[in-house]
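Trainee: From the sequence below, what's the structure:
(one chain, ligands or ions: 1)
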Amino acid sequence: FEMKSIFCSISDSCDCDFKPDKKGLEWDLYKNLYGQHMAQDIVSEAVVNFLQNENPDRPLVLSFHGASGTGKSLVSSMIGRHIYGTAMGSPYIHQFIPTLHFPLADRVQQYRSDLKHWVERNLTACARSIFIFDEMEKMPPGVIDALEPHLGPFHVLFQTNYRKAIYIFISTVGQEVINKVALESRQAGRDREDILPKELEDSIANAVYNKKNSGFYHSRIITEKLITRFVPFLPLLRRHVERCAQRELCQRGECQRADVASSVGGAMTYTPNDSQYFSSTGCKLVPAKVNLFL
Ligand SMILES: Nc1ncnc2c1ncn2[C@@H]1O[C@H](COP(=O)(O)OP(=O)(O)OP(=O)(O)O)[C@@H](O)[C@H]1O
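Mentor: All right, here's what the predicted structure looks like:
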């Protein structure tokens, strides 16, 4: 480990066992992520461009937003899989879960210092590390700002290159804004695929900045515009839920049971009450419902 760190500092190019499969990532997003045209486009473009760059001038910082079960964790594991060949098993992919790693609001100072040192240590060992912060809505405010200096364009500190890292933040904050735009668009008879990221980005940034008791509340990461892209995940429709069910069935060798996929679609709860467009749990309960109907 020591030798490797020294080598990495000197060469400024410690890429670990970084073997990006850019085509594989694009294909996986296109084929296996349903109903999320914005996430497909933004993630493909941002990640592929970033990976192509031998010497990026700042890290890639993505923030995923949307309701539960819409594919946020799925996309973060796709990114991991196509960069390090394994979703979460790689020593260069680090996942933080606030309720586990930062449970106490009165320990913010301690968490800040732990987080900063921990990220620095990992980037010294592997400049292409990936850091995934799940459930940002549950992180005590202030903790994440410890990373502010690392997310910007300036950092080559103590010979560690901080600009090759990928940070992914995941949260449900912003779902109201996203779901509102999805609903209005549907009511206006507009195609779902016509919703553009630029209609949502500013409102998502506002929502996270103003959401009390959550990770980005009054965070300088937002005011300093250190998030490369906000990635909106739309609420899923019944047809997407049925596709999730169909895929689950195929994985179990029951591909022909379209009747089960349809029953699963029928068994979900949909919102809003009157029009029943959007699955309130996305595809999350699909495996459980498949068990029920199979
Ligand atoms: N858009 C989608 N396309 C295909 N499969 C999906 C999609 N959304 C969810 N799924 C399926 O549902 C499961 C749960 O989704 P996922 O964990 O990605 O949700 P999430 O958005 O991260 O929600 P949460 O915040 O509750 O964790 C995934 O493993 C995946 O199989």
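Trainee: Report all helices and strands that the helix ranked longest in the chain contacts.
Mentor: When the chain is scanned for its longest helix (criterion: DSSP state H), the result is helix 108-125. For helix 108-125, the packing partners by 3 or more Cβ pairs under 8 Å, 6 or more residues apart in numbering; DSSP states H and E come out as helix 2-11, helix 148-151, strand 160-161. Yep, even glycine has a C-beta here, placed from its N, CA and C like the rest.
Trainee: What strands flank the shortest one, and is each parallel or antiparallel?
Mentor: When you say that, I think you mean strand 160-161. Take DSSP bridges as the rule and strand 160-161 pairs in its sheet with strand 156-157 (antiparallel).
Trainee: quick one on the thing from earlier: buried set for the very next helix or strand once past the longest helix of the chain?
Mentor: Counting by DSSP states H and E, the element after helix 108-125 in chain order, helix or strand, is strand 130-133. Using 16 or more other Cβ atoms under 10 Å as the test for burial, strand 130-133 gives I130, F131, I132, F133.
Trainee: Repeat that for stretch 111-131.
Mentor: Neighbour-count burial for stretch 111-131 flags 111-112, 115-116, 119-120, 122-131 (criterion: 16+ other Cβ under 10 Å).
Trainee: Also near the ligand: which of those residues, exactly?
Mentor: When Cβ under 6 Å from any ligand atom is applied, no member of the buried residues of stretch 111-131 is adjacent to the ligand.
Trainee: for those, which one is nearest L249?
Mentor: I130 (31.5 Å; Cβ to Cβ).
Trainee: ok, the residue nearest to Q52 when sequence neighbours are not counted - contacts?
Mentor: Spatially, and ignoring its direct neighbours in sequence, Q52 is nearest to K22 (7.4 Å; Cβ to Cβ, 6 or more residues apart in numbering). With contacts defined as Cβ atoms under 8 Å, 6 or more residues apart in numbering, K22 is in contact with V47, V48, L51, Q52, H82.
Trainee: Buried subset of those, written for ChimeraX?
Mentor: In ChimeraX, a selection of the buried entries from the contacts of K22 looks like this (16+ other Cβ under 10 Å):
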select :47,48,51,82
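Trainee: any idea which of the contacts of K22 is closest to F230?
Mentor: Closest to F230, out of all of those and judged by Cβ to Cβ, is V47, at 14.7 Å.
Trainee: how about I227, what does it touch?
Mentor: V61, L62, S63, F169, A205, I221.
Trainee: likewise S185?
Mentor: S185 neighbours (Cβ under 8 Å, 6+ apart): R192, D194, I195.
Trainee: Now intersect those residues with the strands, please.
Mentor: Of those, none are assigned to strands by DSSP state E.
Trainee: Filter the residues you listed down to just the buried residues.
Mentor: I195.
Trainee: end-to-end on stretch 215-222?
Mentor: Taking Cα to Cα, to the nearest Å, stretch 215-222 runs 11 Å from one end to the other.
Trainee: Make JSON lines from the contacts of I227 and add secondary structure to it.
Mentor: What follows is these, written out as JSON lines (DSSP: H, G, I helix; E, B strand; the rest coil):
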{"residue": "V61", "secondary structure": "strand"}
{"residue": "L62", "secondary structure": "strand"}
{"residue": "S63", "secondary structure": "strand"}
{"residue": "F169", "secondary structure": "strand"}
{"residue": "A205", "secondary structure": "helix"}
{"residue": "I221", "secondary structure": "helix"}
